[in-house]
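**Q** quick one: sequence plus predicted model below, questions after.
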Amino acid sequence: MSRFSKTILVLALFGASTAAVAFDNFKGVGRQATPAEVKAWDIDVRPDFKGLPKGSGNVERGNELFEEKCASCHGTFGESNEVFTPLAGGTTKDDMKTGRVKGLSSGELPQRTTFTKVATISTVFDYIQRAMPWTAPKSLKPDEVYAILAYLLNLQEIVPADFVLSDKNIADVQKLLPNRNGMTTDHGLWPGASAKKGGIGNGGKPDTKNKACMKNCKPEVLIGSTLPEYARTAHGELADQNRNFGAVRGTRTLGPEAAKKAADAGTLDLATKSGCMACHGMKNKIVGPGYNEIVARYQGQTDAESRLVAKVKAGGQGVWGSIPMPPNAHVKDEDITTLVKWILNGSK
Amino acid sequence: MGNPMKIRAASKDGVTEVKVLISHEMETGQRKDAAGAIVPAWFITELTAKHGDKVVLSSEFGSSVSKNPYLAFKFKGGAKGEKVIVSWKDNKGDTRTDEAAIG
């Protein structure tokens, strides 16, 4: 009873102190995770065996469990290549001595397996515990994970058939792993200084090199290749398959009609961007006249285009009523010409 | 005397299913090594499985069978604790026999 009340007290204290911290940092946002939630989430097992649960399991029990839960995908001997790559096989007794699987570098391995690659036994434990069985991850108890791992190690001929794997001797098994020296940490993704200076990384030096160009750079980007003519329609209308905003659009690929439609759609975009569509409708009056009304009024007039270009540029009032059209000096001359042509051609 | 086979035998409803993982190079004799010399043929030619004294599987293997072959078969009969014995013979005259109790 006294133990029980102590636990409650500790939990209460823990809760109170962490809650206070949480409210300081994120006021009004969410709530502090409870110790039970943290415990359920914090299940990783690290190469130094931090986080490894206590327990044990033997090869025989592992065989039963493997047959029941794992063999349907991995094969009885972990040999199956049907669903996933094989778990076991591909290593020799020599590999266990050197700690580096020779077949990986000599190329004589037809197929990589889990045990030809993995360098830390904790990773296998963690993976089984976290992700297996496929249909019911995290359903295995620690003892069951030990048993299955013992069976796998036996399949790999690392441990004998009467072996009992536990949290006590898993570190000894690590020393027998065939590819235990196969992992290099001389990469930018590993933290800390280089191995020579006591760290495990390389001091943060990236694996790839991309020097920024500071002088004599290419002045412009040239398009080096385009979609060849015969391949343009191979995937249907590319424009419809790309998002219709942002810098990169798909090109119109389906024939000249599609190309015209595309050009028109481009002009409509231009009209929208230039602010025309705020006052003018395609087929209706909004503030100013609709484009269909403009076409009707100026039909057959040879100088309509130049007059309208001037009107759009300078603004105007009176032709369609008293509401003035503002000047559009911000729109480029060539754009105005394009727009006027488009309007007079029916603005489809 | 090759490497040991892995054998699992399980009996259910009067039928025993046997699974065997054989450890053997299974060289076809048609492959060449890096120097261009032919790698000599070395493959299992015969494989038999016995339930006690009774032969339940007798088979001829050839060069078309893969390296480290996997073999599964079923036979009627067999009870828990009884023995299944699998043996093979290869073209070099080497043999290997392994046994497992039905589980």
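**A** Sure thing, it's come through. Numbering: from 1, shown residues only, chains lettered A, B, ... in the order given.
**Q** which parts of chain B sit against chain A?
**A** Selection of chain B residues close to chain A by CB under 8 Å from any CB of the partner chain yields B:6, B:8, B:10, B:19, B:21, B:67-68, B:70. C-beta: built from backbone N, CA, C; applies to glycine.
**Q** let's have those residues in a markdown table, adding pLDDT and neighbour count.
**A** Below are the residues of chain B next to chain A laid out as a markdown table (pLDDT from 0 to 100; neighbours: other CB atoms under 10 Å in any protein chain shown):
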| residue | pLDDT | neighbour count |
| --- | --- | --- |
| B:6 | 87 | 20 |
| B:8 | 87 | 20 |
| B:10 | 87 | 15 |
| B:19 | 90 | 20 |
| B:21 | 90 | 22 |
| B:67 | 86 | 15 |
| B:68 | 86 | 17 |
| B:70 | 90 | 17 |
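**Q** which of these fall in strands?
**A** Mapping these onto strands (DSSP state E) picks out B:6, B:8, B:10, B:19, B:21, B:70.
**Q** identify the bridge partners of the fourth one.
**A** Beta-bridge partners of residue B:19, counted by DSSP bridges, are residue B:8, residue B:72.
**Q** quick one: secondary structure of residue A:307?
**A** When classified by DSSP: H, G, I helix; E, B strand; the rest coil, residue A:307 comes out as helix.
**Q** centre of chain B to the edge, which residue is at the far end?
**A** Centroid-distance maximum for chain B: residue B:35 at 31.7 Å, with CA atoms, centre = their mean.
**Q** which residue sits closest to the closest residue to chain B within the stretch 51-200 of chain A, ignoring its sequence neighbours?
**A** Chain B sits closest to residue A:77 of the stretch 51-200 of chain A, with a gap of 4.3 Å, by CB to the nearest CB. Distance criterion CB to CB, 6 or more residues apart in numbering or on different chains; nearest residue to residue A:77, sequence neighbours excluded, is residue B:21 at 4.3 Å.
**Q** what sits against the one you found?
**A** Going by CB atoms under 8 Å, 6 or more residues apart in numbering or on different chains, residue B:21 touches A:76-77, A:79, B:5-7, B:68-71.
**Q** switch to 6 Å and redo it
**A** Contacts for residue B:21 (CB atoms under 6 Å, 6 or more residues apart in numbering or on different chains) come out as A:77, A:79, B:6, B:70.
**Q** turn those into JSON lines, including distance to residue A:106.
**A** Below are the contacts of residue B:21 laid out as JSON lines (distance: CB to CB, whole Å):
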{"residue": "A:77", "distance to residue A:106": "24"}
{"residue": "A:79", "distance to residue A:106": "21"}
{"residue": "B:6", "distance to residue A:106": "25"}
{"residue": "B:70", "distance to residue A:106": "24"}
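**Q** nearest to residue B:87, of these?
**A** residue B:6 (14.4 Å; CB to CB).
**Q** and the gap between the closest residue in space to that closest one that isn't next to it in sequence and residue B:63?
**A** Counting by CB to CB, 6+ apart, residue B:6 lies nearest to residue B:21, which is 4.2 Å off, once chain neighbours are set aside. Separation of residue B:21 from residue B:63 (CB to CB, to the nearest Å): 19 Å.
**Q** go on, residue B:75?
**A** 27 Å.
**Q** cool, residue A:323 as well?
**A** From residue A:323 across to residue B:63, the span is 93 Å (CB to CB).
**Q** does residue A:269 count as helix, strand or coil?
**A** The three-state label given to residue A:269 by three-state DSSP is helix.
**Q** how many neighbouring residues does it have?
**A** 13 (other CB atoms under 10 Å in any protein chain shown).
**Q** who are the contact partners of the residue lying closest to residue A:174 once chain neighbours are set aside?
**A** Spatial nearest neighbour of residue A:174, chain neighbours left out: residue A:121 (4.9 Å); criterion: CB to CB, 6+ apart. Residues counted as contacts of residue A:121 (CB under 6 Å, 6+ apart) are A:173-174, A:177.
**Q** can we see that at 7 Å?
**A** A:170, A:173-174, A:177 (CB atoms under 7 Å, 6 or more residues apart in numbering or on different chains).
**Q** try residue A:325
**A** Residue A:325 touches A:288, A:315-317, counting by CB under 7 Å, 6+ apart.
**Q** closest to chain B out of those?
**A** Looking across those and measuring by CB to the nearest CB, the closest to chain B is residue A:288, at 79.6 Å.
**Q** so which residues of the chain form strands?
**A** Just so you know, I chose chain A. Using DSSP E, the strands found in chain A span residues A:56-58, A:164-166.
**Q** my bad, chain B
**A** Under DSSP E, chain B gives strands at B:6-12, B:15-21, B:44-51, B:54-60, B:70-76, B:83-90, B:95-101.
**Q** narrow the contacts of residue A:121 to those in helices?
**A** Counting by DSSP state H, those place A:170, A:173-174 in helices.
**Q** of these, which is the most crowded?
**A** residue A:170 (20 neighbours).
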